[in-house]
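1. Give me the fold of what follows.
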Amino acid sequence: MVDAAVSERLGEGESLLASADWAAAAAVFDSVLAVHDQPEAHDGLATALWWLRNVDQAVAARTAAYAGFRRFGQDARAFRSALWLAREYAESLGNEPVSRGWLARAEGIAAGLPNGVDRGWLAVTRGLLRTDPATARDDARTALEVARSCKDPDLEATALALLGLGTIAAGDVPEGMTLVDEAMVVVTAGELRDKIVFGDICCMVTRASEEACDTSRLGQWNKILLRFMQSTGHPALLEFCGTCCAEIFLASGDIASAEDWLSKTLRELEQGGHRARCVHPAAKLAELRLLQGRVEEASRLLAGFEDRTDALRATAAVRLAAGDTAVAAALLHRRIHQVGEGLLTVPLLALLAEVELAQHVPSQAVATAERLDRIASATRWPRAIASSLLTGGRVAAAVGNTDLAHERLDSAIAIFGELTMPLEAARARLALAEALRESDREVAVHEAGVALAVFDGAGANGLADKAAALLRSLGGPARTGPKALGLLSRREREVLALLAEAMTNAEIAERLFISAKTAEHHVSSILAKLQLRSRGEAAAFALRHSLVE
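-> The predicted structure follows:
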């Protein structure tokens, strides 16, 4: 029996979990376990440690909780512990045999439990552990039926998100995203009881948006999510998954915070030897590095992840940026063959057309653009239509049909604007400027200038460099001053300030605790980004813009 003092401490720990004070909750449960081996304390400690991203100790605590619940005949709680361990061994630790063992143990315990919500949680866990989300739809439907009959919002939201993810994987993106949206309504309406379910739903929404190439949806949900977390006093609810957290920041245009979260998450995964929970942070960080024009870094990040489906587009884009178009095309053809026809092929076909234009095979690019048009026409999905218009506009410009290019790219800009996708709209503006550079220089200068401002503001330095180069070739205004400073990373600003003090590379390296070679690389990058010719010009630039006291 649990005495009154222990019961009071357990209640205190649960209250701290409810207020998302994970560290304080862990301390309380630890204090209980110091004097009493209570399964409830192990269980609460596991939850707190999981939110603190200490996966290994969380698994150990949950295993102890399972053993205690079984010992005391609390089979329903032991069942939930077994389900949790089945997921964590698969999703974080990558140990499939142990995961299957725990799932089988949960199934065995479930046979002795009364019919009810536990049957739904068993079904949804089976679905979540399937390799292909499309095969999980029957599990999700079973869970959804149980959830609605038992009026359990946590199970209902999880089942809706899983069914949405599976429907998207099966190729029906509009229906899948509608299901995902419904799950998000359950989350943000305050119906949930378990905060881990909140994290699960956000993770599945991120994955669904990534699969459907519809990350603008995250932007549309972003304000509602953040408002919900503020109103409930739980600003840390997304911290369980750094990739999801980064996606939310990216959706709001905060690239610096997204970069910090992705770097942090990748570092934690490497140190702990764990798996990514949803889209791998290496893939997302590589995409971000490409936006910043840092192709070599993007390539290094993807080393070892090239065969992951969530990293394939980034891998092909890196190969294209590096001029390795044959490999880029082969990767894309392989994935397109796997996916088949449908909306999931849209981003792959759009990138393939870029590769084919770079290979100087316009006839193949025309065929790819026509294939993309057919998918957009059949589905009427706005994101697909905008993508097909952008791709078709680029291809039309490449084959010399300027009027068609102008018409299609104008339409793409409008749709991307309606979808609140400023970077994509800016890409279309840049493509339009390139298409009109010979026939309508004034409009080309305007479009390139608008695109440059968007890229600069977003920190998309690689695209900004392309826009700036086009603008210079058209005789437009150069990118100088404070706007140019936005191209520099935090470290490059520090190096620039030290250049103003006439420091050598060795002195800069010593001051910043980096190697002389790294310092040299930073100096070269600064000169290129600011379009300066010498260290002296860089020093003058730093002084002119008050980077040095």
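2. What's the first helix or strand after the worst-scoring helix or strand of the chain on mean pLDDT?
-> For the chain, the helix or strand with the lowest mean confidence is helix 481-485, at a mean of 56 (criterion: mean pLDDT, DSSP states H and E). Using DSSP states H and E, the helix or strand that follows helix 481-485 towards the C-terminus is helix 490-499.
3. Now do that next one: everything it contacts.
-> Around helix 490-499, the neighbours that count as contacts under CB atoms under 8 Å, 6 or more residues apart in numbering are 485, 488, 507-508, 511-512, 519, 522-523, 525-526, 529, 535, 538-539, 541-542, 547-548. (Glycine included, C-beta is placed from N, CA and C.)
4. How about stretch 295-313?
-> Contacts to stretch 295-313, defined as CB under 8 Å, 6+ apart, come from residues 210, 266, 279-280, 282-283, 285-287, 289-290, 314-315, 318, 321-322, 331-332, 335, 338, 347-348, 351, 462.
5. again with stretch 395-402
-> With CB under 8 Å, 6+ apart as the contact definition, stretch 395-402 has outside contacts at 353, 357, 362, 365-366, 368-369, 404-405, 408, 431, 434-436, 439.
6. Check stretch 82-92 too.
-> 46, 50, 55, 58-59, 62-63, 66, 95-96, 98-100, 102-103, 105-106, 109, 121-122, 125, 128-129, 274-275, 277.
7. one step back: give the ChimeraX command for selecting the buried subset of the contacts of stretch 295-313.
-> Here the buried members of those are turned into a ChimeraX selection, burial being counted by 16 or more other CB atoms under 10 Å:
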select :210,266,279,280,282,283,285,286,287,289,290,314,315,318,321,331,332,335,347,348,351,462
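8. Show me the contacts of stretch 295-313 that map onto helices.
-> 210, 266, 282-283, 285-287, 289-290, 314-315, 318, 321, 331-332, 335, 338, 347-348, 351, 462 (DSSP state H).
9. before we move on, back to that, which ChimeraX command selects the buried ones in the contacts of helix 490-499?
-> A single ChimeraX command is used to select the members of the contacts of helix 490-499 judged buried by 16+ other CB under 10 Å:
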select :485,488,508,512,519,522,523,525,526,529,535,538,539,541,542,547
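10. Now, the contacts of helix 490-499 that are in helices?
-> Secondary structure defined by DSSP H assigns 485, 507-508, 511-512, 519, 522-523, 525-526, 529, 535, 538-539, 541-542 of those to helices.
11. residues near the nearest residue to residue 6 once chain neighbours are set aside, how many?
-> Closest residue to residue 6 in three dimensions, ignoring its sequence neighbours and counting by CB to CB, 6 or more residues apart in numbering: residue 36, at 5.3 Å. By the other CB atoms under 10 Å criterion, the neighbourhood of residue 36 contains 15 residues.
12. and the helix or strand hosting residue 122, what's its mean pLDDT?
-> Remark: residue 122 resides in helix 117-128, with elements defined by DSSP H and E. Averaged over helix 117-128, pLDDT sits at 94.
13. Dump the C-alpha coordinates for it into PDB.
-> Backbone C-alpha positions of helix 117-128 (Å, rounded to 0.1, in the frame of the first residue of the first chain) are rendered in PDB as follows:
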ATOM      1  CA  VAL A 117     -10.100   2.100 -25.200                       C
ATOM      2  CA  ASP A 118      -7.000  -0.200 -24.700                       C
ATOM      3  CA  ARG A 119      -8.000  -2.100 -27.900                       C
ATOM      4  CA  GLY A 120      -7.800   1.200 -29.700                       C
ATOM      5  CA  TRP A 121      -4.400   2.100 -28.300                       C
ATOM      6  CA  LEU A 122      -3.100  -1.400 -29.300                       C
ATOM      7  CA  ALA A 123      -4.400  -0.800 -32.900                       C
ATOM      8  CA  VAL A 124      -2.900   2.700 -33.200                       C
ATOM      9  CA  THR A 125       0.500   1.500 -31.900                       C
ATOM     10  CA  ARG A 126       0.500  -1.400 -34.400                       C
ATOM     11  CA  GLY A 127      -0.100   1.200 -37.100                       C
ATOM     12  CA  LEU A 128       2.600   3.600 -35.900                       C
END
